[in-house]
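Trainee: Return atomic coordinates for the entry below.
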Amino acid sequence: MLNRIRNNVSAPMLLAFLALFVALAGGAYAASKAKKNSVVTKSIRSNAVTTSKLKDASVTNVKLGLTCKTGTQSFGGACWETTARNPAHQPEAENACTGAGGVLPDANELVSFATTSGITLDAGGEWSGTLGGVNSLNSYIGVTVSVAGGIDRDNPVATNKAFRCVLPLAQNNG
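Mentor: Numbering: from 1, shown residues only. Presented below is the predicted three-dimensional model:
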């Protein structure tokens with residue numbers, strides 16, 4: 001049987017096996033000699049690292065330099081103002097939040113945020129960005145959240161309520 005193998009192996013085939021062996025051995029040697037943390041950004045192809053290849057919690061907002069500004073705290077992937085703003089009509093409150101780069105929170109989100117330690121909703125309740133219904137053109141009902149966490153409806157243009165904005169995480173340039 002050895003003679004049969006010897007007779008069927010040509011010089012090019014032998015050279016190909018030798019090249020394969022050297023390539024595999026070289027790759028194994030290089031992998032065994034790589035120093036810890038020796039892979040740097042420049043050595044990684046674009047789009048080579050995907051979410052599925054990352055270890056859980058290896059990339060966090062803090063590591064990315066994303067933080068909440070003073071007067072806000074992280075909740076649900078965004079920055080929430082920790083104190084309510086002065087009372088205003090609901091459309092004015094929405095405009096103020098939009099002007100700050102944020103939004104009024106959804107009523108259920110505001111209820112959930114109110115359970116966070118150190119957070120107290122305004123005694124008169126706070127506006128949410130949720131609509132309680134539309135009656136006709138420019139006639140709608142706003143939704144408020146009480147200090148006790150109750151969800152209610154109110155006239156958004158006739159009633160002033162406190163409010164707080166939800167803002168995106170910010171890039172920390174400091």
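
Trainee: Just the C-alpha atoms of the host helix or strand of Gln73, please, in CSV.
Mentor: Per DSSP states H and E, Gln73 falls inside strand 72-75. Only the C-alpha atoms of strand 72-75 are listed here, as CSV (Å, rounded to 0.1, in the frame of the first residue of the first chain):
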residue,chain,number,x,y,z
THR,A,72,-30.5,64.7,34.6
GLN,A,73,-30.1,61.1,35.3
SER,A,74,-30.0,58.0,33.1
PHE,A,75,-33.2,56.0,32.9
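
Trainee: In this protein, which residue is most central in space?
Mentor: Closest residue to the average C-alpha location of the chain: Gly77 at 5.2 Å, with CA atoms, centre = their mean.

Trainee: residue contacts, that residue?
Mentor: Leu169 (CB atoms under 8 Å, 6 or more residues apart in numbering). Backbone N, C-alpha and C define where each C-beta goes, glycine included.

Trainee: immediately after the helix or strand hosting Ala19, which helix or strand?
Mentor: In the assignment (DSSP H and E), Ala19 maps to helix 11-33. Per DSSP H and E, the first helix or strand lying C-terminal to helix 11-33 is strand 66-67.

Trainee: and Cys79, that's in a helix?
Mentor: No - Cys79 sits outside any helix when classified using DSSP: H, G, I helix; E, B strand; the rest coil, being strand.

Trainee: which stretches of this structure have low pLDDT?
Mentor: Along the chain, segments meeting pLDDT under 70 span 1-11, 13-18, 20-35, 37-38, 40, 51, 53, 56-65, 171-174.

Trainee: Please name the bridge partners of Val145.
Mentor: Beta-bridge partners of Val145, counted by DSSP bridges, are Glu126, Ile151.

Trainee: Please verify my assumption that it contacts Ile151.
Mentor: Yes - the criterion here is CB atoms under 8 Å, and Val145 meets it with Ile151 at 5.8 Å.

Trainee: hey, what's in contact with both of the two?
Mentor: By CB under 8 Å, 6+ apart, Val145 and Ile151 have these common neighbours: 107, 111, 128.

Trainee: Correct me if wrong: the last one contacts Ala107.
Mentor: Yes - in terms of CB under 8 Å, Ser128 counts as a neighbour of Ala107; the distance is 3.9 Å.

Trainee: More neighbours: the two, which one.
Mentor: Ser128 (25 against 22; other CB atoms under 10 Å).

Trainee: hmm, back to that, name the helices or strands packed onto the strand holding Gln73?
Mentor: Applying 3 or more CB pairs under 8 Å, 6 or more residues apart in numbering; DSSP states H and E, we find strand 72-75 packed against strand 78-81.
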